[in-house]
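Q: sequence isn't available, so here's the structure alone:
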């Protein structure tokens, strides 16, 4: 009798141990996706989280709105998060203080630099969120403006409205002036959100912006082409800890489904749905993946 009780107790212990191990295994199969503190980066982080959850059995925790670039970068290096979306120009120029070149060269250098720190880049999302200049559709039509070069001859008659830092940075107006020979009648620094109102109300003639800014869509602005490619490339790309990919190689396969999925126009539209239409970034990301057939409803 005692022997039977002993066997039963042993069986129970084995079962508890088995389920305990299963529970721990399930718990350990969890990763955290982070994001910076603005709409586009948050949308991209949800795209990454959704595709991983759909294509793998990994549980994904989401840490949105961590802060600026340096905060997200440090969180990745400290293993507080295991992946997040970033930009090649930011990686090369800001984190490593190196000169950027073409999109292809900058991506290659970003891959080299991050790999030395135990990090990896998967396939880029497909769009370049660099600086641009924008005017109203009326101004573009009146002066036949399509490129930055088209703006040079009339710049002395125009007022440029730009973010405060853009006014003084070498990769902002001073560099733009040198590269193209632009010489605006006046350059007015202002907050990012105010620029669009200032332009549409006629207080300025040209503004700086990011190529994928949703406000460009909302205000129906004409985006001029940087035909001399003065501004650095900021191709959006998932960045992941290499030890995470080593542990869960299926993550890379999932993320690569997002490679080349987005162009600048599509990203502007997704940003506008959040910034203008008031939709939640997570819902916008999910609905987009459903619409392109990558995940089911």
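A: Everything's here; your move. What you see is a predicted model; the values in this text were computed from it and never measured.

Q: which residues does the residue nearest the centre of the chain contact?
A: The centre of the chain sits closest to residue 41, judged by Cα atoms, centre = their mean, with a distance of 4.1 Å. The contact partners of residue 41, taken as Cβ atoms under 8 Å, 6 or more residues apart in numbering, are 35, 84, 85. Where you see a C-beta, it was placed from the backbone N, CA and C, and this is true even at glycine.

Q: can you give me the strands in the stretch 51-200 of the chain?
A: Applying DSSP state E, counting those that start in this stretch to the stretch 51-200 of the chain gives strands spanning 59-63, 83-87, 119-121, 131-136, 159-163, 186-190.

Q: low-confidence regions, the chain specifically.
A: Scanning the chain for pLDDT under 70 picks out 1-28.

Q: C-terminal to the strand or helix carrying residue 253, what's the next element?
A: Element membership for residue 253, per DSSP states H and E: helix 250-255. Downstream of helix 250-255, the first helix or strand assigned by DSSP H and E is helix 264-275.

Q: thinking again about what came up before, for the residue nearest to the centre of the chain, helix, strand, or coil?
A: helix (DSSP: H, G, I helix; E, B strand; the rest coil).

Q: could you check how far it is from residue 282?
A: Residue 41 sits at a distance of 13 Å from residue 282 (criterion: Cβ to Cβ, to the nearest Å).

Q: quick revisit: other residues contacting the helix holding residue 253?
A: So helix 250-255 is contacted by 31, 48, 51-52, 54-56, 58, 83, 120, 122-123, 238, 240, 244-245 (Cβ under 8 Å, 6+ apart).

Q: what two of the residues you listed are the furthest from one another?
A: 54 and 120 (21.0 Å; Cβ to Cβ).

Q: between those two, which one's more packed in?
A: residue 120 (21 against 15; other Cβ atoms under 10 Å).

Q: ok, now which ones touch the more buried one?
A: 111, 114, 239, 240, 241, 242, 245, 252.

Q: so residue 296, which state does it fall into?
A: coil.

Q: which one is it nearest to, not counting chain neighbours?
A: Leaving out its chain neighbours, the residue that sits closest to residue 296 by Cβ to Cβ, 6 or more residues apart in numbering is residue 290, at 7.0 Å.

Q: residue 139 contacts residue 202, correct?
A: No - contact criterion Cβ atoms under 8 Å: residue 139 and residue 202 do not qualify, at 9.7 Å.

Q: okay, these two: which has more neighbours?
A: Neighbours of residue 139 and residue 202, each counted by other Cβ under 10 Å, are more numerous for residue 139; the result is 19 against 11.

Q: I'd like to know how far that one sits from residue 56.
A: 49 Å.

Q: just to revisit the earlier point, of the contacts of residue 120, buried ones?
A: If you count burial by 16 or more other Cβ atoms under 10 Å, the buried members of the contacts of residue 120 come out as 114, 239, 240, 241, 245.

Q: what strand or helix carries the last one?
A: Pointing back at residue 245 there. helix 242-247.

Q: and what of the third one?
A: Assigning secondary structure by DSSP H and E places residue 240 in strand 236-241.

Q: so which elements touch that strand?
A: Using 3 or more Cβ pairs under 8 Å, 6 or more residues apart in numbering; DSSP states H and E as the contact test, the elements touching strand 236-241 are helix 39-55, strand 83-87, helix 103-115, strand 119-121, helix 250-255.

Q: all set, thanks.
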